[in-house]
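*Asks:* what's the 3D shape of this:
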Amino acid sequence: MATGRSTEFPVALSGAPTVAMWAREEDIDPQARHQLRNIAALPPVAKVAVMPDVHLGKGATVGSVIAMRDAVSPAAVGVDIGCGVSGVQTSLTAADLPDDLGALRSAIEAAIPVGFHSHDEPVDIARLDLPRGPYDRLWARAKTPATDIDLLGGRAPRQLGTLGGGNHFIELCLDEDDRVWLTLHSGSRNPGKQLAEHHIWTAKNLPHNADLPDRDLAYFLADTPEMEAYLHDLTWAQDYAALSRKAMMALLCREVAAALPQVRFGEEINVHHNYVGHERIDGTDYVVTRRGAIRAGSGEMALIPGSMGTGSYVVRGLGSAESLYSASHGAGRRMSRNRAKKTFTTEDLAKQTAGVECRKDAGVVDEIPGAYKDLHTVVQAQSALVTPVAHLRTILCVKG
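*Replies:* Numbering: from 1, shown residues only. Coordinates of the predicted model:
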């Protein structure tokens, strides 16, 4: 594991003493530091925790955890409401796998739509042996969104159980004992984006947000119709994202079982890292938004993934109130997608993903490992927040 320079975390952000950081200030982009100061200056904000994968985001900084009193900012969650990760340990070892994983990758890509694609018909939950109740309740609630967005007649039913693009992935990994894990990263697709954009626009046009230094930080106040509407739709999108991951994991398990019938599957880890929670911290009730951060309460299991093909950490939370019971959601970008495309080539991608069965074309160069921070260093910086349970190295990666 990389060591880097030693720093005693957390540290305060200069000019913003309520911002506790698990990152060195000089390593954070100046624009992201300015964004964090703007967040801390919002009247309802009590505390901000900054994770070591921190980088600039639209509205709120990616890798930030914000505790507000009786308020919530929709941009502090972002447009991919409920984005998160899922992981399952299998009974397989590396010795059980074929030498060539190309056929398995093709089967997974045929079963789980990626990019802008959707299922031709909604996923049949019964065929996947998943309980119907949560899905039935999800669609019943879709009939009464707080907006006029059509969640039943639109793409939502066919996009449930699909991967999307960007930094979303499906992976086969090996842990230190060569046991096979299945992991995936996805969110609420277009339905979550539609709902988020509607509520961000609504917040920007409320009178109390007129003089904000950054209108993207517009917030709702408790006991108002606007906040109630947002929380209603947000909860739906969070549930949609979590159930979509469950459906995808079931589809993934089905393809692995078809190729390797002897496989058995363990219990699923399924966590959000773009979401809102009502939480009690140090005796005070807050509305907590995590934008690119996981909850890391004492004993809670989660995944911290790296970049394309670089694996993940399975971690157990240590319950740090200083971090608002949080930890990083991944390695975090160190350069923008546009800069990555200008900096790296497909040849670089092939070298950096050597030994991984995955796409190596120009369409995913912006996801190259070199565009991200080092995952080992990021995990080490939060040793007081989580305990690593396993390090997973990628052997197969599906990208949108």
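*Asks:* In the stretch 1-150 of the chain, where is pLDDT below threshold?
*Replies:* Low-confidence segments of the stretch 1-150 of the chain (pLDDT under 70): 1-7.
*Asks:* can you pull out the helices in it?
*Replies:* Defined through DSSP state H, counting those that start in this stretch, the helices belonging to the stretch 1-150 of the chain, from first to last, are 30-40, 102-111, 132-141.
*Asks:* before we move on, what about the stretch 301-400 of the chain?
*Replies:* Remark: helices of the stretch 301-400 of the chain, listed N- to C-terminal, are 337-343, 346-352, 375-380; assignment by DSSP H, counting those that start in this stretch.
*Asks:* Quick check: buried residues in the second one?
*Replies:* By neighbour count with 16 or more other Cβ atoms under 10 Å, helix 346-352 contains the buried residues 348-349, 352. No exception for glycine: its C-beta is placed from N, CA and C like everyone else's.
*Asks:* For stretch 226-239, C-alpha coordinates in PDB please.
*Replies:* This file holds the C-alpha atoms of stretch 226-239, laid out as PDB (Å, rounded to 0.1, in the frame of the first residue of the first chain):
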ATOM      1  CA  GLU A 226     -40.900  22.100  -1.600                       C
ATOM      2  CA  MET A 227     -38.800  20.200   0.900                       C
ATOM      3  CA  GLU A 228     -41.500  17.600   1.400                       C
ATOM      4  CA  ALA A 229     -41.800  17.100  -2.300                       C
ATOM      5  CA  TYR A 230     -38.100  16.700  -2.800                       C
ATOM      6  CA  LEU A 231     -37.800  14.200   0.000                       C
ATOM      7  CA  HIS A 232     -40.700  12.200  -1.400                       C
ATOM      8  CA  ASP A 233     -39.100  12.000  -4.900                       C
ATOM      9  CA  LEU A 234     -35.600  11.500  -3.500                       C
ATOM     10  CA  THR A 235     -36.700   8.500  -1.400                       C
ATOM     11  CA  TRP A 236     -38.300   7.000  -4.500                       C
ATOM     12  CA  ALA A 237     -35.200   7.500  -6.600                       C
ATOM     13  CA  GLN A 238     -32.900   6.100  -3.800                       C
ATOM     14  CA  ASP A 239     -35.100   3.000  -3.600                       C
END
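*Asks:* What residues sit buried inside it?
*Replies:* Buried residues in stretch 226-239, counting neighbours by 16+ other Cβ under 10 Å, are found at 226-227, 229-234, 236-239.
*Asks:* try stretch 52-67
*Replies:* Buried residues in stretch 52-67, counting neighbours by 16+ other Cβ under 10 Å, are found at 52-57, 59-67.
*Asks:* end to end, how far does it reach?
*Replies:* Using Cα to Cα, to the nearest Å, one end of stretch 52-67 lies 18 Å from the other.
*Asks:* any weak-confidence spans in the stretch 201-350 of the chain?
*Replies:* Regions of the stretch 201-350 of the chain meeting the criterion pLDDT under 70 are absent.
*Asks:* and if we set it to 90?
*Replies:* Confidence mapping of the stretch 201-350 of the chain against pLDDT under 90 gives the ranges 213-214, 307-309.
*Asks:* which of the buried residues of stretch 226-239 lies closest to Ala140?
*Replies:* Within the buried residues of stretch 226-239, distances to Ala140 taken as Cβ to Cβ reach their minimum at Trp236, with 10.5 Å.
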